[in-house]
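> coords please:
(4 chains)
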2 protein chains.
Amino acid sequence: MGKRASAELGSARADEGLGGNGRDEAIYRNLFVAIVENHLAPGTKLPEDTLAETYGVSRTSIRKVLQRLAHERLVDVRLNRGASVAQPSVGEARDIFSARRIIECGAIPQVVAKATPTALETLRDLVRREHAAQDRGDWRESIYLSGAFHVELMRLSGNETLTDFLTQLVSRSSLVIATYGSPQTASCRHSEHDDVIEIIAGGDVDGATRWMDRHLRDVERTVVLVEEEPAPSDLKKILEEVAQRRPKLR
Amino acid sequence: MGKRASAELGSARADEGLGGNGRDEAIYRNLFVAIVENHLAPGTKLPEDTLAETYGVSRTSIRKVLQRLAHERLVDVRLNRGASVAQPSVGEARDIFSARRIIECGAIPQVVAKATPTALETLRDLVRREHAAQDRGDWRESIYLSGAFHVELMRLSGNETLTDFLTQLVSRSSLVIATYGSPQTASCRHSEHDDVIEIIAGGDVDGATRWMDRHLRDVERTVVLVEEEPAPSDLKKILEEVAQRRPKLR
DNA sequence: AAATATTGAATTGTGTCCAAAGTGATTCTA
DNA sequence: TAGAATCACTTTGGACACAATTCAATATTT
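Here you go, the predicted model:
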């Protein structure tokens, strides 16, 4: 398995800040990956009973995990209606990418300042794994590793708070990608991650900042181009339009 | 009570994203304010039983609230040891202010772009209340309103995600202020909030950005000047130094 | 026949109980 | 008397049971 970098999305501060048993942590991680890697489509209901017997624990533990995921905006929990995988709105998607541009570009100076050769090698390893996943068509792990790259880059800044924020933004980005945009369009094209490593290695702050801004805009453009999907209230209109195009059944 | 702006810190998305009864929400808000306004000193233990009977609910509800506060980093929850008001480390404090500089300065362009006259008037009202609180020596509400100002400013950007992040950062800043730095030093001096409103009203993006950067550095400097409080590992050294200066007891 | 009211199953919210871990004081020993 | 081990007490963690709400399907009425 080689010297796999500690590139784990989420649970950045698992054993640290908040309480959390080892078992709860495992359940959280399992659900987290299932959502971020899009094994569970946005909108999928997550009944407490089902999860409880799946993991062999009581609903109490499940509830805790779901609440955590809800706070990270990966699941929606509505009163008396249970939890379901979040489906970000178009506005949310825009906010997420806007926030990423501000945070990731803003942190570049500190990232460049603290980038050591060994840290850069870790990043290169991550990109290698990303390419390997792409080459064998594993777009799920490809998306995952692409996100992990951004998080690890931020981790170089030494700012744990910002790293936590970005972890959340990257996970939600995966949800956005899952909700809007075709699978391969989003992940496979944008793997110019190699480039930024060298720019950073050269100490070019402005260049790295420009690269990051452009990169994030590219990703956003290939993904959120769906302007506004029909609100439920427009259902009638939709059906009328369909009736228009097919005046008679059969 | 006048036309009080909807300037509430925390619970920004109370009834929205995550589940949350009205009662739970009230408990959360009460604890939140108690912590942010420094009625509860950092490190104060928060036993579930006590809180449960205080609010007349069972421990179940309390645990949910504590978990939420833990995720917002306002309380520390350690396994089998319960919850206590968080005491940010110096490193955390630095991260928080660094993150605030990046986020608040980075969002200025959008804030300026979306600033309407009525929105600016809301901000002015907030500053008026802040000054009133200062003048009557109510430094708790002064700190609270000072934070609320920054959050409302960010809200103008229209980016809910960033506003949520900043809400968390501002709350934690209050904890930092409570932990390091004398009460009046921190809050009372820096109320040049009037200035930035006019800069924004004039559409001066660069000026507003520079103002914000300087403002945040000022606040940080007056607060975190305590360099490094003795790490537990340095306890021995500290005691030896003291012994050096007082060779004999009594 | 369509719209509305009702009823029942399924799912969530909340309170309580029991086991496990931590905390502090007491006692025993050297 | 100082130190260490033990024991009782307090607090937390997890599971269960019951109450409340939602959702869907059926029945009723116009």
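> who does the closest residue to DNA strand C within chain A form a beta bridge with?
Going by Cβ to the nearest atom of the strand, DNA strand C is nearest to residue A:82 of chain A, at 2.8 Å. For glycine as for every other residue, the C-beta is placed from the backbone atoms N, C-alpha and C. Legend: beta-bridge partners of residue A:82 under DSSP bridges are residue A:78.
> these two touch, right, it and residue A:46?
Yes - using Cβ atoms under 8 Å, residue A:82 is in contact with residue A:46, at 7.0 Å.
> please say which of these two ends up with more neighbours.
Set side by side, residue A:82 and residue A:46 show more neighbours around residue A:46, with 21 against 16, by other Cβ atoms under 10 Å in any protein chain shown.
> check contacts around the more buried one.
Listed by Cβ atoms under 8 Å, 6 or more residues apart in numbering or on different chains, the contact partners of residue A:46 are A:31, A:40, A:66, A:75, A:82, A:83, A:84, A:85.
> hmm, try it at 6 Å
Shown in contact with residue A:46 (Cβ atoms under 6 Å, 6 or more residues apart in numbering or on different chains): A:83, A:84.
> mind pulling up the pLDDT for it?
Per-residue pLDDT puts residue A:46 at 96.
> same check, this time on residue A:249
38.
> what's the answer for residue A:156, then?
At residue A:156, the model reports a pLDDT of 98.
> against which helices or strands is the helix or strand harbouring residue A:27 packed?
Assessed by DSSP states H and E, residue A:27 sits inside helix A:22-36. Under the contact definition 3 or more Cβ pairs under 6 Å, 6 or more residues apart in numbering or on different chains; DSSP states H and E, helix A:22-36 sits against helix A:59-71.
> now do 10 Å
strand A:45-46, helix A:48-55, helix A:59-71, strand A:82-85, helix A:139-156, helix A:160-179 (3 or more Cβ pairs under 10 Å, 6 or more residues apart in numbering or on different chains; DSSP states H and E).
> residue A:74: what's it in contact with?
Contact analysis of residue A:74 by Cβ atoms under 10 Å, 6 or more residues apart in numbering or on different chains lists A:10, A:31-32, A:35-36, A:40, A:42, A:66, A:68, A:83, A:85-86, A:88, A:168, A:171-172, A:174-175.
> change it to 8 Å
A:32, A:35, A:36, A:85, A:86, A:171, A:172, A:175.
> if I look at the fifth one, how far off is residue A:116?
Yep, that's residue A:86 we're talking about. According to Cβ to Cβ, to the nearest Å, residue A:86 stands 37 Å off from residue A:116.
> more neighbours: the two, which one.
In this view residue A:86 and residue A:116 are compared by other Cβ under 10 Å, and residue A:86 has more residues nearby, 24 against 9.
> does the more buried one really touch residue A:176, like I thought?
No - Residue A:86 is beyond contact range of residue A:176, at 9.9 Å (criterion: Cβ under 8 Å).
> what's the closest non-adjacent residue to the residue minimising distance to the centre of chain A?
The C-alpha lying nearest the average C-alpha coordinate of chain A belongs to residue A:171 (Cα atoms, centre = their mean; 2.3 Å). Leaving out its chain neighbours, the residue that sits closest to residue A:171 by Cβ to Cβ, 6 or more residues apart in numbering or on different chains is residue A:36, at 5.1 Å.
> right, and that neighbour touches residue A:174 too?
Yes - Residue A:36 is within contact range of residue A:174, at 4.6 Å (criterion: Cβ under 8 Å).
> what does chain A put close to DNA strand D?
A:19, A:21, A:23-24, A:57-61, A:64, A:79-81 (Cβ under 7 Å from any atom of the strand).
> now do the contacts for residue A:55.
A:27, A:30, A:61, A:62.
> what residues does the residue of chain A closest to DNA strand C make contact with?
Residue A:82 makes contact with A:45, A:46, A:47, A:48, according to Cβ under 8 Å, 6+ apart.
> residue A:211 too?
So residue A:211 contacts A:195, A:196, A:199 (Cβ under 8 Å, 6+ apart).
> just the buried ones from these?
Among the contacts of residue A:211, those classed as buried by 16 or more other Cβ atoms under 10 Å in any protein chain shown are A:196, A:199.
> and the contacts of residue A:211, which is closest to residue A:154?
Closest approach between the contacts of residue A:211 and residue A:154, by Cβ to Cβ: residue A:196, at 12.4 Å.
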